[in-house]
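Visitor: build me a model from this:
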Amino acid sequence: RLTALLNNENSQIVAKLEKGKSKVFEWNQKPYDRLVDHIGKIPVILFVPEDSNLVTGSGEARRQSMNYFLAQMDKQYASALMTFRRILKQRNAILKDGQSNIKQLKSILSIYNQQLLEPSVYINEARAKFTALITPFLIANHQHLSENKEEPTIEYKSKISAADFIHQMERKTDSDIQYCRTQFGIHRDDLVFKLDGKEIKHYGSQGQKKTFLIAYKFAQFQYFYNSTQRKSIFLLDDIFDKLDNHRVKKLLMLCKSSDLGQVFMTHTDGKNIKSLFEELNLAYKSFHVENGVCIEN
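Guide: Down below sits the predicted model:
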């Protein structure tokens with residue numbers, strides 16, 4: 001059993017795990033019917049080393065990150081995403097089944113196309129808005145970290161047109177039948193990260209990619225707060241890896257100026273980082289973790 005108290009909301013969350021039983025999560029002593037109902041209750045911005053996939057990996061990683069962030073901020077987005085995934089799964093199952101004749105199959109696919117319209121348009125518009133509104137925060141953060149050396153941009157790459165969605169789906173029908181999967185839709189969207197107009201995935205150095213990613217994560221926090229007036233918990237795992245002291249100072253100054261609220265950072269060189277915290281007059285608590293034991297320094 002794990003219990004967490006949220007002083008700012010006067011709330012309690014409990015996680016229970018018993019051998020041979022399903023996990024149970026409670027909010028103020030009331031079990032959730034669906035765990036998805038917890039999304040957004042305690043907003044979290046997470047930075048982990050694996051997030052390098054956001055700038056180097058496939059579009060799937062960037063979509064997942066964007067979906068997680070927007071679902072925390074907008075319950076309607078989370079609902080639309082769940083609806084879209086359910087209908088897409090059913091549509092793909094029909095395509096893989098292959099038992100219907102072509103005329104009947106196209107008729108069934110047309111019904112699914114209509115069902116996909118509403119959630120697809122909502123998700124598409126939310127992503128486009130997110131991209132436009134987060135960009136100013138990204139630029140400001142990146143200019144601070146890089147000392148105005150490059151200008152970052154984010155491009156939302158989507159082929160969906162709300163006015164022409166059904167026709168777009170129908171034009172792909174023969175190809176969908178041939179390949180037994182849905183090839184057009186928001187599950188093919190992507191974010192393109194650029195520095196000075198060039199895609200960072202192909203042209204950026206390791207340092208440029210990490211700086212962009214840090215600026216992007218801070219921008220998520222700022223955008224979330226600006227839109228909801230709620231501060232996320234900021235979890236930064238091994239954030240200082242491969243950063244020299246100058247860049248680390250810049251990052252800590254960004255933490256200070258952004259008024260982040262509650263931040264958890266992990267690092268392997270605690271002594272050096274503590275001295276930087278003190279030099280910048282940042283309030284902090286330090287814990288040492290070894291062999292599964294956590295001790296406050």
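Visitor: from here on, contacts and neighbour counts on C-alpha atoms
Guide: Noted.
Visitor: contacting residues around Asp189?
Guide: 59, 63, 156-159 (CA atoms under 8 Å, 6 or more residues apart in numbering).
Visitor: at 6 Å instead, please
Guide: By CA atoms under 6 Å, 6 or more residues apart in numbering, Asp189 lies in contact with 157-158.
Visitor: mind checking how far it is from Ser11?
Guide: 37 Å (CA to CA, to the nearest Å).
Visitor: repeat for Thr268
Guide: Thr268 is 33 Å from Ser11, by CA to CA.
Visitor: in the stretch 1-150 of the chain, which spans are strands?
Guide: Secondary structure of the stretch 1-150 of the chain (DSSP state E, counting those that start in this stretch): strands at 2-6, 11-16, 24-27, 30-31, 44-47.
Visitor: buried set for the second one?
Guide: Judged by neighbour count using 16 or more other CA atoms under 10 Å, the buried positions of strand 11-16 are 13-14.
Visitor: need the longest helix for the chain.
Guide: helix 102-146 (DSSP state H).
Visitor: could you give the angle of the next helix-or-strand element following that helix to helix 102-146?
Guide: On the C-terminal side of helix 102-146, the nearest following helix or strand under DSSP states H and E is strand 152-157. Strand 152-157 runs at 170 degrees relative to helix 102-146, counting by axes from the mean of the first three to the mean of the last three CA atoms, to 10 degrees.
Visitor: just for the stretch 151-297 of the chain, where's the confidence low?
Guide: 270-271 (pLDDT under 70).
Visitor: what are the ranges of the strands in it?
Guide: Under DSSP E, counting those that start in this stretch, the stretch 151-297 of the chain gives strands at 152-157, 190-195, 198-199, 233-237, 263-266, 287-290, 293-296.
Visitor: same list (those strands) but as JSON lines, adding distance to Tyr216.
Guide: Output for these, formatted as JSON lines (distance: least, CA to CA, whole Å):
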{"stretch": "strand 152-157", "distance to Tyr216": "10"}
{"stretch": "strand 190-195", "distance to Tyr216": "10"}
{"stretch": "strand 198-199", "distance to Tyr216": "15"}
{"stretch": "strand 233-237", "distance to Tyr216": "13"}
{"stretch": "strand 263-266", "distance to Tyr216": "16"}
{"stretch": "strand 287-290", "distance to Tyr216": "27"}
{"stretch": "strand 293-296", "distance to Tyr216": "30"}
